[in-house]
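**Q** coords please:
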Amino acid sequence: MPQGSAEKYSLASSDFYRHELNFAEFIENLEAEMERNRTISRGDNRERAILISADVKPRYEMEESTDELKELAESANVVVLDTIIQRLKEINPRHLMGEGKLKEIVMNSMDRGATLLIFDQNLSPSQIRSIAEATELKVIDRSQLILDIFARRAHSRDGKVQVELAQLKYMLPRLMGKGTAMSRLMGGIGGRGPGETKLEVDRRRIRDRISHLEKELKILSEARKQRKQRRAAAALPIISIVGYTNAGKSTLLNTLTKSGTTVEDKMFATLDTASRRLRFPREREVIVTDTVGFIRDLPKDLMAAFRSTLEELEDADLLIHLVDISNSRFEQQIGAVEAILKDLGLEAKPRTIVFNKSDMVDRNTTENITSRYGAVAVSALDPQSLRPLLGEIESRIWEPKNGNGH
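**A** Numbers count the residues shown, from 1 in each chain. Below is the predicted model:
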């Protein structure tokens, strides 16, 4: 508000009842000031979100996790207006955080024109309803955001069935809500795919749909087994690239095999498994497969749905664990991938760690890190940098050594 306006409307306690206020002008100036504080133009139809992390964990852990949540939100084409981090002494079972902080978030949302609150913590159905009712905003959590990204990116029939199955299993316990709190969960971010069927789809029909999708997934699984048998008959070694989302797996596959798999600088750009042949000297070939990226705290329903696709990793002769060395969180990302491999029963599978994006880190740092992990460093964009990796593959596939694959 202009300085003159502020002076004009300042209220002195001694003469409060004699104060003359042009209420319409006051509201007009207030709305203009709030509009100036908004960062998004009226023509931008994207969802505008405030990211929230409220937990008892150490603050640095919450900050790292919220940075990743921001990347996820931007991958879902959400405009991030603000990030709020609150370290709690204890979790509020109803609103996750205290009512005072919740009121502060409401004021912040109104001021910035937010349409959505995204929580880094996975919320219970009752928490989502309570927070939505208290804020009158749509509320989603980390799992729902990841499911939405998967719904956008799945192209194969396998991928679409797996994502829809995970979404329906996530949605089922949340269909108990009534009125506006439930309606805010539908449509747009977090409501893509099966969410578009809205409230007329009752729980019984969703259970029927889940049953149908599970049967279809078994049929698709049989088709995958037949493809695996054909590969086995060809007696070609299989190399599978695994790693945290956005580590550069598709780029590495393209550069190794001179192929054209879709590549984007976004989280979960690739959901559908791609397989390509890679020829070595002396008429030797391998099959290289690219898999869906991993992420910490992957929603359980999504992990269960994609387990059938990830079963293909069981047939791999070697796993290439690709790591983005330029990411400050690469150590935590390695840990998350190793944990998922263990959940899949693949912890004993031979694998080699390969640090990607070495061109973005100074040479001494790269050498120290690769030495510590007994790894290979590459830049997936530079074919010349892949020679050590090709040598490693040759030695591991055709010149087996004793050891556990590390």
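**Q** Only C-alpha atoms from now on, for both contacts and neighbour counts.
**A** OK.
**Q** need the strands for the stretch 251-400 of the chain, in chain order.
**A** Here the stretch 251-400 of the chain has its strands, by DSSP state E, counting those that start in this stretch, at 274-280, 284-290, 318-324, 351-356, 376-377.
**Q** where does this structure have its least confident helix or strand?
**A** Within the chain, no helix or strand scores below helix 179-183, which has a mean of 45 by mean pLDDT, DSSP states H and E.
**Q** show me what contacts residue 160?
**A** By Cα atoms under 8 Å, 6 or more residues apart in numbering, the contact set of residue 160 is 151, 154.
**Q** how much space between it and residue 221?
**A** Note on residue 160: its distance to residue 221, by Cα to Cα, to the nearest Å, is 14 Å.
**Q** Next: residue 390.
**A** The gap separating residue 390 from residue 221 is 31 Å, by Cα to Cα.
**Q** With neighbour numbers in mind, choose between these two.
**A** Counted by other Cα atoms under 10 Å, residue 390 and residue 221 do not tie: residue 221 has more neighbours, with 16 against 13.
**Q** does the more buried one belong to a helix or a strand, and which?
**A** Taking DSSP states H and E as the definition, one finds residue 221 inside helix 203-234.
**Q** Pull out the buried positions in that helix.
**A** Residues of helix 203-234 classed as buried by neighbour count (16 or more other Cα atoms under 10 Å): 203, 206, 210, 213-214, 216-217, 220-221, 224.
**Q** would you turn these into a markdown table with pLDDT and distance to residue 376?
**A** As requested, the buried residues of helix 203-234 are arranged in a markdown table below (pLDDT from 0 to 100; distance: Cα to Cα, whole Å):
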| residue | pLDDT | distance to residue 376 |
| --- | --- | --- |
| 203 | 78 | 51 |
| 206 | 87 | 47 |
| 210 | 92 | 43 |
| 213 | 92 | 41 |
| 214 | 90 | 40 |
| 216 | 91 | 40 |
| 217 | 85 | 37 |
| 220 | 85 | 36 |
| 221 | 80 | 34 |
| 224 | 74 | 32 |
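**Q** of these, closest to residue 356?
**A** Of all the buried residues of helix 203-234, the one with the least separation from residue 356 (Cα to Cα) is residue 224, at 29.7 Å.
**Q** Could I get the full set of helices for the stretch 101-250 of the chain?
**A** 125-135, 142-153, 157-171, 179-183, 203-234, 249-257 (DSSP state H, counting those that start in this stretch).
**Q** which helices and strands sit right next to the last one?
**A** Contacts of helix 249-257 with other secondary structure elements, assessed using 3 or more Cα pairs under 8 Å, 6 or more residues apart in numbering; DSSP states H and E, are made with strand 238-243, strand 274-280, strand 284-290.
**Q** Contacts for the second one, please.
**A** Residues from elsewhere that reach strand 274-280, judged by Cα under 8 Å, 6+ apart: 253, 256-257, 259, 261, 285-291.
**Q** rerun that using 6 Å as the cut-off
**A** Applying Cα atoms under 6 Å, 6 or more residues apart in numbering, the set of residues contacting strand 274-280 from outside is 257, 285-290.
**Q** Next, format those as a markdown table and append neighbour count, pLDDT and distance to residue 74.
**A** Formatted as a markdown table, the contacts of strand 274-280 follow (neighbours: other Cα atoms under 10 Å; pLDDT from 0 to 100; distance: Cα to Cα, whole Å):
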| residue | neighbour count | pLDDT | distance to residue 74 |
| --- | --- | --- | --- |
| 257 | 15 | 86 | 30 |
| 285 | 15 | 88 | 39 |
| 286 | 19 | 89 | 36 |
| 287 | 17 | 87 | 33 |
| 288 | 22 | 89 | 30 |
| 289 | 23 | 86 | 27 |
| 290 | 25 | 85 | 23 |
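**Q** Same list, those, but as CSV with distance to residue 86 please.
**A** Listed next are the contacts of strand 274-280 as CSV, based on distance: Cα to Cα, whole Å:
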residue, distance to residue 86
257, 47
285, 53
286, 50
287, 48
288, 44
289, 41
290, 38
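**Q** Identify, from those residues, the entry nearest to residue 104.
**A** Proximity to residue 104 was ranked across the contacts of strand 274-280 by Cα to Cα; first place goes to residue 290, at 44.7 Å.
**Q** For the closest one, give its distance to residue 275.
**A** Per Cα to Cα, residue 290 is found 7 Å from residue 275.
**Q** Endpoint to endpoint, stretch 228-244 covers what distance?
**A** End-to-end distance for stretch 228-244: 25 Å, by Cα to Cα.
**Q** can you give me the angle the helix holding residue 221 makes with strand 284-290?
**A** Here helix 203-234 runs at an angle of 170 degrees relative to strand 284-290 (axes from the mean of the first three to the mean of the last three Cα atoms, to 10 degrees).
**Q** relative to strand 238-243, how tilted is helix 203-234?
**A** With the same axes, to 10 degrees defining the directions, helix 203-234 sits at 140 degrees from strand 238-243.
**Q** Identify, from the contacts of strand 274-280, the entry nearest to residue 328.
**A** The nearest member of the contacts of strand 274-280 to residue 328, counting by Cα to Cα, is residue 290 at 23.7 Å.
**Q** beta partners of the closest one?
**A** With DSSP bridges as the criterion, residue 290 is bridged to residue 241, residue 274.
**Q** hmm, back to that, identify, from the contacts of strand 274-280, the entry nearest to residue 68.
**A** residue 290 (22.3 Å).
**Q** How much space separates the closest one from residue 118?
**A** Residue 290 is 30 Å from residue 118, where distance means Cα to Cα.
**Q** Equivalent analysis for residue 252, please.
**A** For residue 252, the distance to residue 118 equals 32 Å [Cα to Cα].
**Q** Repeat that for residue 130.
**A** Residue 130 sits 14 Å away from residue 118, going by Cα to Cα.
**Q** out of these two, which sits in the more crowded spot?
**A** More neighbours surround residue 118 than the other of residue 130 and residue 118, with 24 against 18 (other Cα under 10 Å).
**Q** Could you double-check that the more buried one lies in contact with residue 143?
**A** No. In this structure, residue 118 is not within contact of residue 143 by Cα atoms under 6 Å, at 10.0 Å.
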